[in-house]
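A.B. asks: A predicted structure for the sequence below; I have some questions about it.
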Amino acid sequence: MHDKPWEALVDLVEDGASPAQVESFLESLPSGDAARAVLRLSEAERSRLLSSLDPETAAEVIEALPDTEAARLIRQLDPESAAAIVSVLASDEQADLLGELSQEIANVILDALKPEDALRARHLSSYPEDVAGGLMITEFLSYPVNRTVDDVVRDLRENAERYREYQVQYAYVTDARDRLVGVLPLRELLLAHARQPLQQIMIPDPLTVSELEELDALEDLFETHHFFAVPVIDLDARLCGVVLRESIERAVRDQHDDDYRRSQGLVHEELRSMPLLVRTRRRLAWLSINVLLNVLAASVIAFHQDTLESVIALAVFLPIISDMSGCSGNQAVAVSMRELALGAVRPSEVFYVLGKEAGVGLLNGFALGTLIAIVAWLWKGNAYLGLVVGGALALNTLIAVCIGGVVPLLLKRSGRDPALASGPILTTVTDMCGFFIVLTLASILLPYLENM
């Protein structure tokens with residue numbers, strides 16, 4: 001067991017280990033440690049590692065890495081070496097990797113590929129990453145409907161080495177125009193008579209998905225049906241690929257990770273193996289905006305400075321009101337994001353969401369406001385202080401859940417990313433409103449609150 005596998009990996013490369021030895025070492029590491037070992041290497045060491053490996057082994061290293069880091073590695077190689085690695089990647093991996101590269105670099109690599117490989121890679125890269133076409137693989141078995149069982153078995157034997165890399169459980173049967181007409185389970189193929197036509201043992205009219213089917217619909221399909229894979233057809237009903245269950249599960253996990261990362265202000269994927277200045281610049285781009293938003297919220301306090309100086313006890317409750325309202329609003333954001341993802345609500349249904357959230361805001365605001373009012377009253381023995389902080393929390397909770405519910409819809413409707421912008425907008429508005437309400441109420445009731 002290696003505590004620092006990257007050091008052992010560097011030693012192997014520097015000692016001139018064969019690709020088979022490096023591959024054997026990486027395979028001996030526990031799950032996830034291979035990627036960790038490669039990510040801990042310097043850029044020069046990673047380039048030296050890839051250059052020392054044959055394309056097949058280098059492709060396995062690339063597949064173990066996050067797409068952004070895999071793209072950084074590929075960019076450091078000459079076009080011929082990069083193309084050799086890309087050519088042995090699975091078709092969906094090719095599309096993901098090329099999508100992370102600039103158009104200029106991707107074109108240089110594609111030009112170095114065989115024409116048929118380049119054409120396929122360009123086609124797959126043209127799909128959005130969250131539709132069936134962008135998630136499918138093109139490594140599948142397909143046979144004309146007029147073939148026999150013996151024809152298929154002979155083809156499988158003659159191309160066994162190439163098909164070994166395919167994730168084969170089914171073969172697909174097409175007509176003269178490449179339109180899908182049936183699915184052929186390999187078990188049925190093995191048990192059938194050699195001269196039987198495929199049409200007699202195939203499953204006709206199989207379930208298919210369009211090449212433009214979106215990820216949410218694909219997730220629902222695989223949750224409903226326990227399929228290993230589903231064939232993908234183009235607009236002319238021709239078989240163009242196969243989308244795997246594991247590809248959908250991975251894409252859904254990645255989408256959730258992206259949503260969470262963006263909600264925390266990380267617009268681009270970040271790993272600690274990236275250059276320091278790149279990571280710093282990406283974080284500062286978001287943090288600097290938040291500085292300005294917080295200055296706006298703080299200006300409300302500055303405007304009511306005299307009231308705050310007269311009633312010092314209010315300073316204790318300002319962060320409570322801000323935080324509790326923010327939490328309520330974030331719950332509403334989460335519900336709207338989920339409903340948008342499920343298609344349970346449309347971006348245009350702002351008033352429907354507003355009405356639903358207003359009811360929750362009124363009830364929760366009353367409950368939370370009453371609770372904090374009792375706390376303030378018991379602490380200072382002043383019912384007016386309880387009225388101020390309790391009323392402010394109740395009103396701000398109502399405002400927060402209404403904003404949290406509708407902002408994702410408005411952002412989605414305007415073509416912006418709701419996961420990225422909803423949080424900062426909600427935080428700023430709830431802070432400003434919370435401070436404004438509590439300090440305004442305190443100013444009105446100041447004669448009853450002074451000297452506390």
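C.D. replies: Received the coordinates, thanks. Numbering: from 1, shown residues only.
A.B. asks: only C-alpha atoms for contact and neighbour calcs from this point on.
C.D. replies: Will do.
A.B. asks: relative to residue 232, how far out is residue 247?
C.D. replies: Residue 247 is 13 Å from residue 232, where distance means C-alpha to C-alpha, to the nearest Å.
A.B. asks: please read the previous query as pertaining to residue 210.
C.D. replies: From residue 210 to residue 232 the distance is 6 Å (C-alpha to C-alpha).
A.B. asks: and those two? which has more neighbours close in?
C.D. replies: The residue with more neighbours, out of residue 210 and residue 232, is residue 232; 25 against 19, by other C-alpha atoms under 10 Å.
A.B. asks: thought residue 209 was touching that one, still the case?
C.D. replies: Yes - the pair residue 232 / residue 209 is scored as a contact, 5.0 Å apart, by C-alpha atoms under 8 Å.
A.B. asks: so what sits against both of the two?
C.D. replies: Residues touching both residue 232 and residue 209 by C-alpha atoms under 8 Å, 6 or more residues apart in numbering: residue 132.
A.B. asks: give me the residues contacting whatever helix or strand residue 181 lives in.
C.D. replies: Using DSSP states H and E, residue 181 sits within strand 180-185. With C-alpha under 8 Å, 6+ apart as the test, strand 180-185 has contacts from 145, 169-175, 198-199, 201-206, 233, 237-239.
A.B. asks: avg pLDDT for the following helix or strand past that strand?
C.D. replies: Per DSSP H and E, strand 180-185 leads on to helix 186-191 as the next helix or strand towards the C-terminus. Helix 186-191 comes out with an average pLDDT of 84.
A.B. asks: give the buried residues for stretch 361-379.
C.D. replies: Under the neighbour-count criterion of 16 or more other C-alpha atoms under 10 Å, stretch 361-379 has 361-362, 364-366, 368-370, 372-377 buried.
A.B. asks: so where do the strands sit in the stretch 201-350 of the chain?
C.D. replies: For the stretch 201-350 of the chain, the strands defined by DSSP state E, counting those that start in this stretch occupy 203-204, 209-210, 229-233, 239-244.
A.B. asks: of the ones you listed, which is nearest residue 125?
C.D. replies: strand 239-244 (13.6 Å; C-alpha to C-alpha).
A.B. asks: for that closest one, name the packing helices and strands.
C.D. replies: Here strand 239-244 touches helix 132-135, strand 229-233, going by 3 or more C-alpha pairs under 8 Å, 6 or more residues apart in numbering; DSSP states H and E.
A.B. asks: most packed of these?
C.D. replies: Comparing the helices and strands packed on strand 239-244 by mean neighbour count (mean count of other C-alpha atoms under 10 Å), helix 132-135 ranks first with a mean of 28.
A.B. asks: what stretches of the chain score poorly on pLDDT?
C.D. replies: Applying pLDDT under 70 to the chain picks out residues 1-3, 31-32, 167-168, 257-275, 278-279, 282-290, 342, 417, 419-421, 450-452.
A.B. asks: try 50
C.D. replies: Counting by pLDDT under 50, the chain contains no low-confidence segment.
A.B. asks: now do the shared contacts for residue 247 and residue 232.
C.D. replies: Shared contacts of residue 247 and residue 232 (C-alpha under 8 Å, 6+ apart): residue 136.
A.B. asks: want to throw the strands of the stretch 201-350 of the chain into JSON lines with distance to residue 116?
C.D. replies: Listed next are the strands of the stretch 201-350 of the chain as JSON lines, based on distance: least, C-alpha to C-alpha, whole Å:
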{"stretch": "strand 203-204", "distance to residue 116": "31"}
{"stretch": "strand 209-210", "distance to residue 116": "23"}
{"stretch": "strand 229-233", "distance to residue 116": "20"}
{"stretch": "strand 239-244", "distance to residue 116": "15"}
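A.B. asks: would you map the helices across the stretch 1-150 of the chain?
C.D. replies: Applying DSSP state H, counting those that start in this stretch to the stretch 1-150 of the chain gives helices spanning 5-14, 19-28, 33-39, 43-52, 55-64, 67-75, 79-87, 91-100, 103-112, 115-125, 132-135, 149-158.
A.B. asks: oh sorry, the question was meant for the stretch 151-300 of the chain
C.D. replies: Going by DSSP H, counting those that start in this stretch, the stretch 151-300 of the chain shows helices at 160-163, 186-191, 198-201, 215-224, 245-263, 276-303.
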